[in-house]
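Student: Below are the sequence and a predicted model for it; my questions follow.
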Amino acid sequence: MTSSRREQLFALADNAKGFMPQPEGLALFEHGLAAGQRHPAGTWLEIGSWCGKSALYLGAAAEEMSCVLYSLDHHHGSEENQAGWEHFDASLVDPVDGRLNTLPTWQRTVANAELESTVIGLVGFSTVVATHFSQPLDLLFIDGGHGHDVAWADYQHWSPKVVAGGLLLIHDVFEDPHDGGRPPYEIYLAARESDFRDVAAKGSLRVLERR
Ligand code: SAH
Ligand code: MG
């Protein structure tokens, strides 16, 4: 891949709607490259697509390493994305049914980036998809719902699918309760107490590797 392709994808990611600060996005890219070097043509999955911002950072690495990134979301937003909450965006409401729908924006983001052969959308509830998904994962990125039950369900359903030597990345991990909600931090601690070890941290992103 030429460096101009990287630059193109980073610029598109920077401009995409979403919740991934650039330094953490670039860390996703770097650790994606590392996962791809360990296992080229591997299978990756992110929980929490939203409008495709993190998918572009990870997708840039996946494309270079001939990997595939499944990007999973029901596309109706988390609690904090709904009307009246902190991260509500009225432009993402479907006028037909009045519900939030990020799928059209996600599709445009991935298509504009010409990543449609690398980033594959999975539309549905995380736990339902997990129950019917048996492919081992070389990289798993958890950035879905941050409520207690949802975050724990994501961790319990998906982290066992990570292969030995594979990476588990978790977003919005805040040690200090003043900085953010507890559940992502709790599942990060649980991962460390099971068979994952710390590899790196950037902002609220934590990177772990399965022993
Ligand atoms: N990674 C994104 C941000 C994700 S926001 C970025 O880079 O901008 C969290 C997303 O998780 C929301 O789009 C929401 O719809 C999704 N989500 C929350 N709970 C979910 C569940 N149980 N199953 C599938 N998706 C879920
Ligand atoms: Mg996040």
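Tutor: Yes, it's here. Ligands and ions are numbered 1, 2, ... in the order given.

Student: Now do the residue in the chain positioned nearest to ligand 2: how many residues are near it, please.
Tutor: Taking Cβ to the ion as the measure, the chain has H171 as its residue closest to ligand 2, at 3.8 Å. Bear in mind the C-beta positions are built from the backbone N, C-alpha and C, glycine included. Counted with other Cβ atoms under 10 Å, residues neighbouring H171 total 23.

Student: what comes up buried for the lengthiest helix in the chain?
Tutor: Identified as the longest helix of the chain according to DSSP state H is helix 22-38. By 16 or more other Cβ atoms under 10 Å, the buried positions in helix 22-38 come out as 24-29, 31-36, 38.

Student: ok, now stretch 113-130?
Tutor: Neighbour-count burial for stretch 113-130, counted by 16+ other Cβ under 10 Å, picks out A113, L115, T118, V119, I120, G121, L122, F125, S126, V129, A130.

Student: residues in this protein within reach of ligand 2, list them.
Tutor: Residues of the chain found near ligand 2 (Cβ under 5 Å from the ion) are F19, D143, H171, D172.

Student: Which strand or helix spans the last one?
Tutor: This means D172. Per DSSP states H and E: D172 is located in neither a helix nor a strand.

Student: quick one, what contacts the residue nearest to it when sequence neighbours are not counted?
Tutor: Using Cβ to Cβ, 6 or more residues apart in numbering and skipping residues adjacent in sequence, the residue nearest D172 is P184, 4.5 Å away. If you count contacts by Cβ atoms under 8 Å, 6 or more residues apart in numbering, P184 has them with I142, H146, A151, I170, H171, D172, V173, F174, S204.

Student: If we use 10 Å, what do you get?
Tutor: The contact partners of P184, taken as Cβ atoms under 10 Å, 6 or more residues apart in numbering, are 142-144, 146, 151, 154-155, 170-174, 204, 206.

Student: now swap in L56 and tell me
Tutor: The contact partners of L56, taken as Cβ under 10 Å, 6+ apart, are 9-16, 18, 20, 25, 28-29, 69, 109-110, 112-113, 115, 119.

Student: Likewise for L12?
Tutor: G52, K53, L56, Y57, G59, A60, T109, V110, N112, A113, E114, L115.

Student: Quick check: the two most widely separated of those residues?
Tutor: Farthest pair in the contacts of L12 (Cβ to Cβ) is K53 and E114. Separation: 16.3 Å.

Student: Stretch 13-33 near ligand 1 at all?
Tutor: Yes: counting by Cβ under 6 Å from any ligand atom, contacts between stretch 13-33 and ligand 1 involve G18, F19, M20.

Student: tell me the SS of the second one?
Tutor: Same thing as F19. Counting by DSSP: H, G, I helix; E, B strand; the rest coil, the backbone at F19 sits in coil.

Student: got a list of what it touches?
Tutor: So F19 contacts G48, W50, C51, K53, S54, E80, N81, H87, D143, H171, D172 (Cβ under 10 Å, 6+ apart).
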